[in-house]
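*Asks:* Just a sequence and a predicted model for now, questions to come.
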Amino acid sequence: MGIDTPVFVYFLEEHPAYLRVVRPVFEAISRGRLSAVTSALTLLEVLVIPLRNGNAEMARSYEDLLGDSRGLRLAAIDLEQVRGAARLRAQWPRLRTPDALQLAAALLGGCSTFVTNDRRLPAVPGLKILQLHDYAA
């Protein structure tokens, strides 16, 4: 399973509309029952606000979640991921670079699903896009 950046934010910051949906996912990942991949871009994106606000504790929580979760792999942004993202952007010109990197990480990681809350993502062959708002009540 590929996981987009906002999903981590919803979990750690206990978003009232989405925590009920994302908590079981992260529990399964931490127990090793579910394998997940996210791009290293996620670490960059989740650290900005805590660092800007001087919230070292929240920054450390994100570092711990992304670095120490048993079933989660933080995929380095390497040439293979960059090339995969470029191919995606070539096929879907409106796809933003960060989204292309996330999707490429999921595809290269062998994922068949990608969890997000971004309705702008294209229907990528071989990758089922799961929208969190479809599961939140």
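*Replies:* Happy to help now that I have it.
*Asks:* For residue 133, which non-adjacent residue is spatially closest?
*Replies:* Excluding its sequence neighbours, the residue lying closest to residue 133 (Cβ to Cβ, 6 or more residues apart in numbering) is residue 117, at 5.8 Å. No exception for glycine: its C-beta is placed from N, CA and C like everyone else's.
*Asks:* In terms of pLDDT, where does the one you found sit?
*Replies:* Confidence at residue 117, expressed as pLDDT, is 95.
*Asks:* Could you double-check that it lies in contact with residue 8?
*Replies:* No - here residue 117 does not reach residue 8: they are 11.5 Å apart, not a contact under Cβ atoms under 8 Å.
*Asks:* From residue 4, how far out is the residue nearest to residue 87 when sequence neighbours are not counted?
*Replies:* Of all residues not flanking residue 87 in the chain, residue 104 sits nearest, at 7.9 Å (Cβ to Cβ, 6+ apart). Taking Cβ to Cβ, to the nearest Å as the measure, residue 104 falls 12 Å from residue 4.
*Asks:* Please apply the same query to residue 107.
*Replies:* 13 Å.
*Asks:* Same question for residue 75.
*Replies:* 13 Å.
*Asks:* Now for the two: what residues contact both?
*Replies:* Taking Cβ atoms under 8 Å, 6 or more residues apart in numbering as the criterion, residue 75 and residue 4 both touch residue 38.
*Asks:* Right, I'll leave it there.
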